[in-house]
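> From the sequence below, what's the structure:
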Amino acid sequence: MAQKIQSKSPKTNNDSPNSVMTMYVLDANPFEGIAGFQLPAGAHLAVVTSQPETASAVARTVGKRFRGNSMVVRRMRQLARAKERAQPTSAVNKAAFEPDARSQAVLQGVRIAQNDLKAAGGAFDLEQVRTLLHGVSRQAVDKRVQEGSLLAVPGPSNRRCYPTLQFNRDGTVVTGLREVQDSLSVESPWAVLNFLAQPDVRLNGRKPIDVLREGNLQLVLDAANRYGEQGA
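Model (predicted):
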């Protein structure tokens with residue numbers, strides 16, 4: 001068996017400008033029957049072998065048309081370098097950076113939550129909330145978020161955004177948000193938003209935020225306490 005490699009050869013004193021080098025790499029001993037071997041006109045023979053006596057025997061057979069190991073080794077190195085330039089290999093295992101199924105599920109959860117936010121009317125930024133709350137300080141807004149009476153979710157560049165669904169038409173915050181957040185078994189603000197914005201079978205298909213806006217806090221608290229139960 002032999003692998004054929006063919007390419008233009010570098011010009012030497014005995015080569016034509018467009019000479020072509022054809023190499024055969026064999027996986028067996030090709031020299032056992034070399035006696036009497038005749039090369040085609042214009043052809044040369046080169047041998048790469050770890051057995052110098054074998055190369056010498058071939059050289060005696062083909063005479064001046066024999067080229068030594070160094071020429072072939074040099075040409076093979078040139079071909080290898082050209083292949084590396086044409087098809088550079090990367091040392092980085094890209095597969096190692098692909099998120100697994102669990103991570104994909106987390107990402108999908110955030111996307112769903114963002115869709116909830118969009119469907120619920122989007123969100124205000126900090127300055128807009130300060131305006132709605134009659135110019136209160138940033139610290140006052142942060143305090144309300146920490147105590148749970150105001151809901152904030154991560155926005156672009158990880159800046160807090162405040163879902164609009166928690167505000168009444170007059171700009172005040174819906175009463176009861178703190179108690180609802182305390183009753184929920186989740187900590188993620190996205191999960192809190194999901195509870196408030198989605199129709200709930202425990203509320204006859206109504207959205208908890210709408211029931212809360214009507215002042216029916218206890219009904220929403222009952223639903224919050226059962227949030228996440230199987231089949232609920």
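> L221 contacts V180, doesn't it?
Yes - using CB atoms under 8 Å, L221 is in contact with V180, at 6.6 Å. In this view, the C-beta of every residue, glycine as well, is placed from N, C-alpha and C.
> Those two: which has the busier surroundings?
A direct count of neighbours by other CB atoms under 10 Å for L221 and V180 places V180 higher, at 25 against 18.
> Report the helix or strand with the lowest average pLDDT across this protein.
None of the helices or strands of the chain scores lower by mean pLDDT, DSSP states H and E than strand 2-8, at a mean of 48.
> how about the helices in this structure?
Counting by DSSP state H, the chain has helices at residues 52-62, 69-86, 101-119, 126-132, 138-147, 177-183, 189-197, 208-213, 217-225.
> between those helices, which one is nearest to Y162?
When the helices of the chain are compared by CB to CB, helix 126-132 sits nearest Y162, at 4.9 Å.
> Need the mean per-residue confidence for the closest one.
Helix 126-132 shows a mean pLDDT of 96.
> contacting residues around it?
F124, V136, S137, R138, V141, L150, R159, R160, Y162, F167, G171, T172 (CB atoms under 8 Å, 6 or more residues apart in numbering).
> Name the residues of it that are buried.
Within helix 126-132, the residues scored as buried using 16 or more other CB atoms under 10 Å are L126, V129, R130, L132.
> what do you get for stretch 109-118?
By 16+ other CB under 10 Å, the buried positions in stretch 109-118 come out as A113, D116, L117.
> Cool, thanks, signing off.
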